[in-house]
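**Q** Need the 3D shape of this:
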Amino acid sequence: MRIALACPYAWDAPGGVQVHVGQLAARLRDRGHRVLVVAPSRVEHPDPHVISIGRTIPVPVNGSIAQIAPSPAAARRTRQALDDFGPDVVHAHEPFVPSASMFAVRWGAAPVVATFHAYADRSPLLAAAAPALRRLWQGLAVRVAVSEAARSFVQRRFRGEVRVVPNGVEVDLFREADPADLPEGRRILFVNRLDPRKGFAVMVEAFGLLSRAHPEALLVVAGDGKERTAVAGLPRPLRDRVVMLGNVPHDLLPPYHAASEVFAAPAVGRESFGIVLVEAMAAGLPVVASDIPGYREVVRRDEDGLLVPPRDPGALAAALRSILDDPDLAKRLARAGVARSARYSWDTVTREVESTYEEAVGGA
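**A** Got it, this is the predicted structure:
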């Protein structure tokens, strides 16, 4: 099958949708399909399987900054790329974002499978745009959401079937890594963008509280963003126990998981899923995460990990301490997390995605 995957966000910028699309493309090729990715990028991408539709502009989206290409020129390049490739099916990720995905849906020469990744408690922008988007919605052959949270978000404004096919995760990559060389200590790992939505300032404050009981604790941070300055509020000796790795390429993350003792994910909301949670569980790390929609679908309370109220540094510190202080609890959560992560393996998820393509093509 010839499959075109459309990603609305800059291909050369970090982001969960980009990781998902890139890994899905690789898995589909492994299964014998011909796959083209159409996406914007900040610089020309060297991968011959990725067509750049042009440079991006930063746009505030759902509490973050998205790099998208909403221009007429990007629309023309998307259409040309699809005309040249001639796909049997188009898989548009976030089809309501005015970038490669929306342009791919509007192309209209092949049936479209659409995946909705986002979740928010409310979205005035989507509410205002819904009447104009209904024709686009009706033209989708199969509609998919990555979680119940993402499905509920889109179904508030649009009627029709939306099935759940979760994000896939390269679980084997995280299960088989050798540990990175890090300073000695009880290592707590944080992997995400350093912005308010991901709760990095909450993480830093919780680390300060935890250090009173565990002065040997070490906070390992993979990611970057404007909240990196939150570390400056720590006393100097404690600041020295924060290892700031900056942005780490996704395939180089597993050694940091293998070298750590517990994983923290204190996002404050607007999360439809938790790829970082599944990766941590696959690596055998006990997880402490915020009790928010999306996250609580992945981590079941006190079974696969510990859930704490968002924006509560004290609760986060207490949960981390309970894992550091109780080896039996840590082992139980780690074992359960490894078993749970298998649900999200790409072997399983790719087959589910392929079935949506077969349905879309058969229906067309």
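**Q** Please make it C-alpha for all contacts and neighbour counts, starting now.
**A** Fine.
**Q** For Gly269, which non-adjacent residue is closest in space?
**A** The shortest distance from Gly269 to any residue other than its chain neighbours is 6.0 Å, reached at Ile292 (CA to CA, 6 or more residues apart in numbering).
**Q** and the one you found, what does it touch?
**A** Each residue near Ile292 by CA atoms under 8 Å, 6 or more residues apart in numbering is listed here: 268-269, 271, 309-310.
**Q** ok, which pair from the residues you listed is furthest apart?
**A** Put simply, by CA to CA the two of these set farthest apart are Glu271 and Pro309, 14.2 Å from each other.
**Q** Just to be careful, could you list which of the contacts of Ile292 are in helices?
**A** Judged by DSSP state H, the contacts of Ile292 include no members of helices.
**Q** Output the residues you listed in JSON lines; the columns should cover distance to Asn62.
**A** Supplementary listing: the contacts of Ile292 in JSON lines, determined by distance: CA to CA, whole Å:
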{"residue": "Val268", "distance to Asn62": "12"}
{"residue": "Gly269", "distance to Asn62": "10"}
{"residue": "Glu271", "distance to Asn62": "10"}
{"residue": "Pro309", "distance to Asn62": "20"}
{"residue": "Pro310", "distance to Asn62": "17"}
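**Q** just the buried members of those residues?
**A** 268-269, 271, 309-310 (16 or more other CA atoms under 10 Å).
**Q** Surely Arg143 and Pro95 touch.
**A** No: applying CA atoms under 8 Å, one finds Arg143 not in contact with Pro95, separated by 10.2 Å.
**Q** Please identify which of those two sits among more neighbours.
**A** Each of Arg143 and Pro95 had its neighbours counted (other CA atoms under 10 Å), and the higher figure belongs to Pro95 (28 against 23).
**Q** Give me the pLDDT for the nearest residue in space to Phe200 that is not next to it in sequence.
**A** Distances taken as CA to CA, 6+ apart put Leu194 closest to Phe200, at 5.6 Å, once the chain neighbours are dropped. At Leu194, the pLDDT value in this model is 95.
**Q** just His45 next, same as before
**A** In this prediction, His45 carries a pLDDT score of 66.
**Q** same deal with the one 3 residues further on?
**A** As predicted, Pro48 sits at a pLDDT of 86.
**Q** what comes up buried for the longest helix along the chain?
**A** Using DSSP H, we find that the single longest helix of the chain is helix 346-363. Neighbour-count burial for helix 346-363 flags 346, 349-350, 353, 356-357, 360-361 (criterion: 16+ other CA under 10 Å).
**Q** Switch these over to a markdown table; also include pLDDT and distance to Pro8.
**A** What follows is the buried residues of helix 346-363, written out as a markdown table (pLDDT from 0 to 100; distance: CA to CA, whole Å):
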| residue | pLDDT | distance to Pro8 |
| --- | --- | --- |
| Trp346 | 97 | 22 |
| Val349 | 98 | 21 |
| Thr350 | 98 | 21 |
| Val353 | 98 | 19 |
| Thr356 | 98 | 20 |
| Tyr357 | 98 | 20 |
| Ala360 | 98 | 21 |
| Val361 | 97 | 23 |
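**Q** just those now: which is nearest Gly168?
**A** Gly168 has its nearest neighbour among the buried residues of helix 346-363 in Trp346, at 4.8 Å by CA to CA.
**Q** neighbours around the closest residue in space to Pro254 that isn't next to it in sequence, how many?
**A** If the residues on either side of it in the chain are set aside, Pro254 comes closest to Phe174, at 5.0 Å by CA to CA, 6+ apart. Number of residues near Phe174 (other CA under 10 Å) recorded here: 24.
**Q** cool, and Leu126?
**A** Counted with other CA under 10 Å, the neighbours of Leu126 add up to 14.
**Q** just the one 4 residues further on next, same as before
**A** Look at Ala130: counted by other CA under 10 Å, it has 17 neighbours.
**Q** again, but for Pro237
**A** Residues within reach of Pro237, counting by other CA under 10 Å, total 8.
**Q** do the same with Ala109
**A** Per other CA under 10 Å, the neighbour tally for Ala109 reads 16.
**Q** helix, strand or coil for it?
**A** Going by DSSP: H, G, I helix; E, B strand; the rest coil, the secondary structure assigned to Ala109 is coil.
**Q** Helix or strand: which one has Arg151?
**A** Arg151 is located in helix 148-155, with elements delineated by DSSP states H and E.
**Q** How about that helix, which residues are buried there?
**A** Of the residues in helix 148-155, those with enough neighbours to count as buried (16+ other CA under 10 Å) are 148-154.
**Q** mind listing what the helix or strand following it pairs with, with the direction of each?
**A** Per DSSP H and E, the first helix or strand lying C-terminal to helix 148-155 is strand 163-164. Strand partners for strand 163-164, identified by DSSP bridges, are recorded as strand 142-145 (parallel).
**Q** Using PDB, list the CA coordinates for the strand it pairs with.
**A** The C-alpha coordinates for strand 142-145 follow below in PDB (Å, rounded to 0.1, in the frame of the first residue of the first chain):
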ATOM      1  CA  VAL A 142     -11.900   6.900   9.500                       C
ATOM      2  CA  ARG A 143     -11.400   9.000  12.600                       C
ATOM      3  CA  VAL A 144      -9.000   8.000  15.300                       C
ATOM      4  CA  ALA A 145      -8.000   9.400  18.700                       C
END
